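J.: Sequence and computational prediction follow.
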Amino acid sequence: MGKILVTGASGNIGRLTIENLLKRKSAKDIVGLVRDPAKAQDLASLGIELRQGDYLDPASLLKAFKGVDKLQLTSTHAFTDRKTAHANVVDAAVKSGVDHIVYMPIIRKEGSGFVLQEVTAEDIFTEKKIFDSGLKYTLLKHPPFADVIPNYLGKNALEVGVRILAGNAKTSAASREDLAEAHAAVLAGTGHENKSYSLTSEAALSFPEMTDLLSQILGKKISYITVSNEEYESLVLATGVPDFVAKFIRGWVYGMANGEWSHTTKDLEMLIGRKPSTIEDQIRKSFLEGK
Ligand SMILES: NC(=O)c1ccc[n+]([C@@H]2O[C@H](COP(=O)([O-])OP(=O)(O)OC[C@H]3O[C@@H](n4cnc5c(N)ncnc54)[C@H](OP(=O)(O)O)[C@@H]3O)[C@@H](O)[C@H]2O)c1
């Protein structure tokens with residue numbers, strides 16, 4: 001069998017996928033694609049071969065994908081040319097004789113007209129590109145990352161309360177660690193060809209419920225205050241991000257508050273073979289341990 005290559009190995013999901021793959025496969029079977037090998041020396045020191053490649057440089061991808069059997073396309077950053085980047089990876093995979101590609105679109109609620117800028121259209125485009133490529137595929141659909149929930153609530157919630165968009169819908173956010181473990185299970189396993197999984201947590205929570213939980217965890221009443229779109233964006237801007245990112249974050253929070261990711265499945269538990277961690281775990285880690 002050929003090698004398993006994980007793109008985005010210098011980032012969170014790519015690195016965690018490789019770390020989890022190492023529990024199932026020998027290091028010699030795993031390759032990490034990186035733009036800058038200096039950013040993944042921790043993986044190199046574990047025996048992982050790093051290959052240099054850029055989604056926007058097709059020749060580098062062709063070189064990097066030699067001898068690869070299974071490939072994880074880790075989605076690239078928003079506000080880059082994501083369609084071209086992902087299309088280049090799929091094209092290079094086909095030309096290199098890759099057998100099976102694993103991709104991670106964001107979960108889309110059936111029948112919903114909700115559009116997340118920089119995400120929805122790019123995911124639909126990439127999925128079609130994969131379906132049309134003839135490659136075997138697995139779609140590992142992601143909910144919002146639970147790791148980011150404390151940022152949405154506001155890291156200064158203890159001082160100013162949770163000031164957030166209105167909406168009582170629940171969100172089934174999952175941790176990057178659990179998602180990456182599911183990726184590793186699919187990449188190392190068999191029987192996942194041409195299947196889609198929705199990797200949700202099982203205990204979905206609404207923002208008012210998260211605020212109550214935070215009050216319990218901190219032993220202090222944290223107020224829950226609904227704010228307008230403009231006010232939420234200005235709160236996000238105050239954390240030092242640019243205007244377009246504040247609008248992007250507001251889009252995620254709007255989707256969460258309005259039920260775009262309230263659906264739960266057992267797919268994540270089935271793939272990792274244990275109960276996924278919870279949003280509560282993440283809130284505790286972040287607000288009590290500062291992680
Ligand atoms: N579900 C959610 O809530 C959520 C939230 C945020 C993001 N996401 C999506 O999930 C993806 C993975 O999350 P993450 O936390 O692992 O992100 P991350 O830590 O930013 O990792 C992204 C990886 O993509 C690589 N990359 C970017 N552009 C590239 C290019 N042109 N060629 C080759 N590699 C490239 C980066 O390489 P460098 O180190 O060289 O930059 C990095 O290794 C994100 O990129 C984003 O699309 C999802």
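T.: Great, that's in hand.

J.: What is the burial count for residue 153?
T.: Neighbourhood size, residue 153 [other CB atoms under 10 Å]: 23. Bear in mind the C-beta positions are built from the backbone N, C-alpha and C, glycine included.

J.: can you check residue 243 too?
T.: Using other CB under 10 Å, residue 243 has 11 other residues around it.

J.: Give me the phi and psi for the nearest residue to it once chain neighbours are set aside.
T.: Nearest non-adjacent residue to residue 243, counting by CB to CB, 6 or more residues apart in numbering: residue 237, 6.7 Å away. For residue 237, the backbone dihedrals are phi -60, psi -40 (criterion: degrees, to the nearest 10).

J.: Measure how buried residue 237 is and give me the count.
T.: Neighbour tally, residue 237, other CB under 10 Å: 15.

J.: ok, now residue 282?
T.: Residue 282 sits with 24 neighbouring residues when counted by other CB under 10 Å.

J.: surely it meets residue 147?
T.: Yes - if you go by CB atoms under 8 Å, residue 282 and residue 147 touch, sitting 6.2 Å apart.

J.: any common contacting residues for those two?
T.: residue 175 (CB atoms under 8 Å, 6 or more residues apart in numbering).

J.: got any ranges where this structure has weak pLDDT?
T.: For the chain, not a single residue meets the criterion pLDDT under 70.

J.: Tell me which stretches of it form strands.
T.: Along the chain, the segments classed as strands by DSSP state E run 3-6, 30-34, 49-52, 68-73, 100-103, 136-141, 162-164, 170-171, 195-198, 205-206, 224-226.

J.: Quick check: can you name the pairing partners of the first one and their directions?
T.: Translated: strand 3-6. Its sheet considered, strand 3-6 pairs with strand 30-34 (parallel), strand 68-73 (parallel) by DSSP bridges.

J.: for the ones you listed, which one ends up most surrounded?
T.: strand 30-34 (a mean of 26; mean count of other CB atoms under 10 Å).

J.: and that strand, how far out from the chain's middle?
T.: Centroid displacement of strand 30-34 relative to its chain, using CA atoms, centre = their mean, to the nearest Å, is 18 Å.

J.: which ones are touching the residue of the stretch 151-291 of the chain at minimum distance from the ligand?
T.: Nearest residue of the stretch 151-291 of the chain to the ligand (CB to the nearest ligand atom) works out as residue 176 at 6.0 Å. By CB under 8 Å, 6+ apart, the contact list for residue 176 reads 12, 13, 16, 145, 146, 147.
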